[in-house]
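Engineer: Got a predicted structure here, sequence first:
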Amino acid sequence: MQKTITLAHGSGGEAYRELVKEVFLPAYSNDILSPLTDSAICAAGEKIAMTTDSYVVKPLFFPGGDIGRLCVSGTVNDLAVSGAYPKYLSVGMIIEAGFEMEKLVRIVKSIAMTAKEAGVTIVTGDTKVVEGGSADSIFINTAGIGVFTEDRKPLPQKIVPGDKIIISGYMASHGMAIMAARENMGFTPPIGSDVAPIATLVNRVLQNGCKISAMRDPTRGGVAATLCEWVTPNTDIAIYDSMLPVRPDVSAACEILGMDPLYIANEGIMLLSVPAPYAEEALVSLHSVNLGKNAAIIGEVKEGDGNVYAVTDYRTKRKIIMPQGEILPRIC
Amino acid sequence: MCLAVPGRVKKIQDGYADIDYGGLFKRASIRIFPDVRVGDCVLVHAGFIIQVLDQDAGEELERLVSEIMGLVNVNVNENENENKYVNVNENEDENEN
Amino acid sequence: MKMKMKTKIQELQKGIEELAKNMGQITIMEVCGTHTTSIHKYGIRELLPDNIKLVSGPGCPVCVTAQEDIAVAVSIAQQEDVIFTCFGDMMRVPCGDKSLYSLYETGKDIRIVTSPLDALRIAQDNPNKQVVYFGIGFETTAPLTAALIEATDEYGVQNLSIYSAHKTMPQALRQLLKNGSSIDALICPGHVATIIGANAFSFVPEELLMPATVAGFGAYEIMAALFSIIHMLRKSQKSCINMYPNAVTEHGNQEALSLLYKVFEPCNALWRGMGEIKESGLGIRESFGKFDAAQRFEFSIDEIEEAKGCICSSILCGKSKPTDCANFGRACTPSKPLGACMVSSEGSCAAYFRYGRYKARQ
């Protein structure tokens, strides 16, 4: 096999077929994909969930994960929080000519491993190659299908006054990990991303018929963005500074860079809005899974006017707003 | 007007100190505070140590506050729980700044 | 028995209320962007009685950097084979319809650094490029730029230069707070004081005839500083009290100061919203002139016009509130800032927008 990706790999001919046979098929290995038909034929129920996302992250490999793990987790998590069982994924790649084959193999193996962890099957894909700029780029799109069943229906996705807001783990790890790696910030030990598929967490929470008002994975824009998306004109959301779980190294990094963990991206946690009588049960379910061991109740939904605010340690209030644009570190 | 963060000096080498921010380490230049020593608690701004923190002086601030309090006649009962004032929850941990 | 932090804050809250009774309107200015942020972060205003007003002065380097300086930065950053480095704070400051961020989006090599020494590393890693470092900030940050210039000289690095828009506080405070200002007292910037020393602010009670405290940045430190100020106001005492003793000494960091003035000298400077203030800037001395980007590069900048309806100048001086501005929250938001008060998350307008006081339902 060649050492780098060339334009020939993307033009559908012999080189492309070799790439599929040598790299993609062995990694994704399943009966739906193997026939290599133009479309994958899959079984799904009456109602499906479908989502798509594109991944352009730099650096490609970072502490805690890589673009491969990210492109599976991100799409799986969007399906999972809708209440569906994530089942099938497509993987479309656009690669710069000159890209090292060894890196591609690493990424594909990571995709396969994460897909297995999440219980999803890679059923179809596509690869295109473009003329190189710096030959270090790969852009990946994944589309995912999830299925609903008798015991798993779509969630209402509407918060209700009285709900408790629960977070399934530490905040801000992914965004800080990426920034620290990309900007060579020299933190030791390196800050690790939380990137992970959370389908098992969702399964555990929902398995005993626990009622959930809304679930979302707070990616770009962090917890703040999700809470601002959830709030309605006749509700308020209050969260408590003292209850927000942040890993100590992430907290220190945020302090040093003048950034607020509430606004930083996550890729391995979810937020839940749970009617109060079910909150304890949801928390116990989350704690029973390793990924959810740091889950905590962080606030509540009240009747209100569409405000999202944090209650400080001194019982004063601080408004939380929808983040505007990329969050940048500050010094002054 | 600038963000500066406290940390502890763990090692000094070649003009840089390894600073411990509670388990997370990062280098800072000692160029503008060359007299720093291992074990010092320091203030770091934009990758430079700008000052050594005087731990005893933390009590100095409390002393200054008490001095004024003594002149003002303010009584605080630790168990007080008026709505108008900050609520005090006795079970919460001390927050040492 | 050591009091818990919340009890200490409660005690200060009561103490301030007691002292401020029947004193009429009291207006206190802070001149430090990080104080602005901390005050909003902890909701300090909610802990104060209604007759105490806190205003944000020109202590945010991003807010007070003149548009002309941004225009020069943009002009240099656009040139061939230039790597332009600056703090994240400066990226979104607008100059007309351009900003360093908008240039970055079009593919220009503009890099955020978190320390001036990062610029030196970038210069060493890219010997075929000209690397420029945008020096902004007050007396806390300027010595760091001086250290960068000294290190660049020591290592014989030829492809790095610095554009200085550094400023110093005292002259600006004198201009702002002389006769007729509505400010009753000053909270002095704690980290500037770490460098220049608490004594450097003695001119505030002596010349400006108002009490001042040097304050730290936690909720307790800020409340303690306010408590001390209200006490001084009640007694008509005009002093400057150091309420950040574990980081601030009388004379500051002499090493930093001597390095600062080895490399820089005072010069006149343009402050956004305040015009030119004499001796309030820091220019690179002739002996280090070869590192001055203003000498190394050719650039031309157009005439600068303030955005229509922008009252940043008045907000910086504590004369107006963000909500007095017709553009606030409408034409001017953190994602499309018109004036610099909205750009920096520490600027009065952005801080107010982000952390605006929550009003409880009755």
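Structural biologist: Yes, it's here.
Engineer: mind listing what A:V23 touches?
Structural biologist: A:M1, A:M101, A:L104, A:V105, A:V108 (C-beta atoms under 8 Å, 6 or more residues apart in numbering or on different chains). Where you see a C-beta, it was placed from the backbone N, CA and C, and this is true even at glycine.
Engineer: residues contacting the second one?
Structural biologist: By C-beta under 8 Å, 6+ apart, A:M101 lies in contact with A:M1, A:Q2, A:K3, A:T4, A:I5, A:V23.
Engineer: Next, work out how far apart the fourth one and chain C are.
Structural biologist: Think A:T4. 24 Å (C-beta to the nearest C-beta, to the nearest Å).
Engineer: what does A:G119 give?
Structural biologist: 39 Å.
Engineer: could the contacts of A:M101 go into TSV alongside secondary structure and pLDDT?
Structural biologist: What follows is the contacts of A:M101, written out as TSV (DSSP: H, G, I helix; E, B strand; the rest coil; pLDDT from 0 to 100):
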residue	secondary structure	pLDDT
A:M1	coil	81
A:Q2	coil	86
A:K3	coil	90
A:T4	strand	91
A:I5	coil	91
A:V23	helix	93
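Engineer: what does chain A have sitting close to chain C?
Structural biologist: Where chain A comes near chain C, counting by C-beta under 8 Å from any C-beta of the partner chain, the residues are A:183, A:185, A:256-257, A:304-305, A:307, A:309, A:312-314, A:316-319, A:321, A:324-325, A:328-332.
Engineer: Those also near chain B: which ones?
Structural biologist: Among those, chain B is touched by A:M185, A:I256, A:D313, A:Y314, A:T316, A:R330, A:I331, A:C332 when using C-beta under 8 Å from any C-beta.
Engineer: Mark which of the residues of chain A next to chain C are buried, thanks.
Structural biologist: Buried members of these, counted by 16 or more other C-beta atoms under 10 Å in any protein chain shown: A:183, A:185, A:256-257, A:304, A:307, A:309, A:312-314, A:316-319, A:321, A:324, A:328-332.
Engineer: And what about A:D53, helix, strand or coil?
Structural biologist: strand (DSSP: H, G, I helix; E, B strand; the rest coil).
Engineer: Let's see the distance spanning stretch C:132-151 from one end to the other.
Structural biologist: End-to-end distance of stretch C:132-151 (C-alpha to C-alpha, to the nearest Å): 15 Å.
Engineer: next one: stretch C:12-29
Structural biologist: 19 Å.
Engineer: Kindly provide the whole-number mean pLDDT of that stretch.
Structural biologist: Stretch C:12-29 comes out with an average pLDDT of 94.
Engineer: who's in contact with that stretch?
Structural biologist: B:65, B:68-69, B:72-74, B:76, B:85-86, C:47-49, C:51-57, C:177, C:182-187, C:220, C:223-224, C:226-227, C:229-231, C:233-234, C:318.
Engineer: Tell me which entries of those lie within helices.
Structural biologist: The members of the contacts of stretch C:12-29 that map onto helices under DSSP state H are B:65, B:68-69, B:72, C:177, C:220, C:223-224, C:226-227, C:229-231, C:233-234.
Engineer: show me where the stretch 1-150 of chain A has strands.
Structural biologist: Shown for the stretch 1-150 of chain A, the strands assigned by DSSP state E, counting those that start in this stretch span residues A:48-55, A:61-62, A:65-66, A:85-96, A:121-130, A:138-147.
Engineer: for chain B, same thing?
Structural biologist: Using DSSP state E, the strands assigned to chain B run over residues B:5-13, B:16-20, B:25-29, B:41-45, B:48-52.
Engineer: Centre of the chain to the longest one, how far?
Structural biologist: Okay, so that is strand B:5-13. In terms of C-alpha atoms, centre = their mean, to the nearest Å, the gap separating the centre of strand B:5-13 from the centre of its chain is 14 Å.
Engineer: okay, the angle between that strand and strand B:25-29?
Structural biologist: Orientation check (axes from the mean of the first three to the mean of the last three C-alpha atoms, to 10 degrees): strand B:5-13 against strand B:25-29 gives 80 degrees.
Engineer: now for strand B:5-13, which elements pack on it?
Structural biologist: helix A:248-257, strand B:16-20, strand B:25-29, strand B:41-45 (3 or more C-beta pairs under 8 Å, 6 or more residues apart in numbering or on different chains; DSSP states H and E).
Engineer: would you turn these into a markdown table with mean pLDDT?
Structural biologist: Shown next, in a markdown table, are the helices and strands packed on strand B:5-13 (pLDDT from 0 to 100):
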| stretch | mean pLDDT |
| --- | --- |
| helix A:248-257 | 96 |
| strand B:16-20 | 97 |
| strand B:25-29 | 97 |
| strand B:41-45 | 97 |
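Engineer: Quick one, which of the contacts of A:M101 are buried?
Structural biologist: A:T4, A:I5, A:V23.
Engineer: Can you give me the neighbour number for the residue nearest to the first one when sequence neighbours are not counted?
Structural biologist: Read that as A:T4. Excluding the flanking residues, the one nearest A:T4 by C-beta to C-beta, 6 or more residues apart in numbering or on different chains is A:G98, at 5.3 Å. Neighbour count for A:G98, taken as other C-beta atoms under 10 Å in any protein chain shown: 17.
Engineer: Run a quick check on A:G98 versus A:I5, I expect a contact.
Structural biologist: Yes - contact criterion C-beta atoms under 8 Å: A:G98 and A:I5 qualify, at 6.8 Å.
Engineer: sorry, back to before: sort out for me which of the residues of chain A next to chain C are in helices.
Structural biologist: A:I256, A:L257.
Engineer: and the residues of chain A next to chain C, which of them are in strands?
Structural biologist: Using DSSP E, the residues of chain A next to chain C in strands are A:Y309, A:K317, A:R318, A:K319.
Engineer: List the residues that contact the closest residue to chain B within the stretch 101-250 of chain C.
Structural biologist: Here the stretch 101-250 of chain C gets closest to chain B at one residue, C:S115, 2.7 Å apart by C-beta to the nearest C-beta. C:S115 makes contact with B:S29, B:A46, B:G47, B:F48, C:L144, according to C-beta under 8 Å, 6+ apart.
Engineer: Would you show me how to pick out the buried ones of the residues you listed in ChimeraX?
Structural biologist: Remark: buried members of the contacts of C:S115, expressed as a ChimeraX selection using 16+ other C-beta under 10 Å:
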select /B:29,46,47,48 /C:144
